[in-house]
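Colleague: okay, predicted coordinates and the sequence, questions at the end:
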Amino acid sequence: MKLIVLHSIIILCCFSIYSQKDSLNIGDYYADDQLYLSVHYSQLSEQPSTISKSNFSYSLSTGFIKDIILNKDGTLAIGLGIGYGYDYFSHELKVDEFNDETLFSTASDLINNKFKVHNLEFPLEFRWRTSTAKKYSFWRIYTGLKLLYNLSNKFDYTTSNSNEISYKNVNSFNNLQYGLTFSAGYDEFNINIFYGLTPIFKDASINGETINTKVLKFGLIFYLL
């Protein structure tokens, strides 16, 4: 299923980019339709008080954004997109599932504790840039929202006696999430921040404390014609 979705995105991106290049010579209006690729250092924020930190974690994403022009010069636009995202987290929250119930505890006695997430991404951006129909290197500031729909999630840990435990698509995982995005930079190289507004778990608690863990990402995003 994930391969079918990814292949469909790539075909749509290639077709849209080809169409864009044919349209850049028509009048002053132009579209800045783009592929995007991003790499982020990721952290889990607003963790429960018994969880001290998340270890080195990262995220990768790719997709396509369609430009909707708001002015004749093309310096203002709305961007609508679709993409695929992969998240890898090394963390201290232990996740177990028994009889369709997700249980949480502190992972202080574990050797490895991680989870992996595959998402469909739907970015919505307000876009300002200094580009023209003939100028491909320019300054930009893009800000907006990104909606995430979970395709799959998997939680793994290794106990102190080397037992490997794995749970896939746990019931408490929040399959629909969203957050704020901000990108700024010049040409292809841009800083990018994602600040999650929804918890990654629903109806979850540890030792009576509600789990409001959210995702925070900061890194680089590349916009490619």
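Modeller: Looks like it came in fine. Residues are numbered from 1 along each chain as shown.
Colleague: buried set for the strand or helix carrying residue 152?
Modeller: If you go by DSSP states H and E, residue 152 is part of strand 139-158. Neighbour-count burial for strand 139-158, with 16 or more other C-beta atoms under 10 Å as criterion, is recorded at 140, 142, 144, 146, 148, 150-151, 153, 155, 157. For the C-beta atoms, the positions are set from N, CA and C on the backbone; glycine is no exception.
Colleague: for this structure, what spans make up the helices?
Modeller: With DSSP state H, the ranges of helices along the chain come out as 2-23.
Colleague: any low-confidence regions in it?
Modeller: 1-30, 135-136 (pLDDT under 70).
Colleague: thinking again about what came up before, helices and strands around the strand holding residue 152, which ones?
Modeller: For strand 139-158, the contact count by 3 or more C-beta pairs under 8 Å, 6 or more residues apart in numbering; DSSP states H and E identifies helix 2-23, strand 76-90, strand 93-98, strand 112-129, strand 164-168, strand 176-186, strand 189-196 as packing neighbours.
Colleague: would JSON lines of the ones you listed with mean neighbour count and distance to residue 216 be doable?
Modeller: JSON lines is the format used below for those (neighbours: other C-beta atoms under 10 Å; distance: least, C-beta to C-beta, whole Å):
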{"stretch": "helix 2-23", "mean neighbour count": "13", "distance to residue 216": "25"}
{"stretch": "strand 76-90", "mean neighbour count": "19", "distance to residue 216": "11"}
{"stretch": "strand 93-98", "mean neighbour count": "18", "distance to residue 216": "15"}
{"stretch": "strand 112-129", "mean neighbour count": "19", "distance to residue 216": "14"}
{"stretch": "strand 164-168", "mean neighbour count": "13", "distance to residue 216": "24"}
{"stretch": "strand 176-186", "mean neighbour count": "16", "distance to residue 216": "9"}
{"stretch": "strand 189-196", "mean neighbour count": "18", "distance to residue 216": "6"}
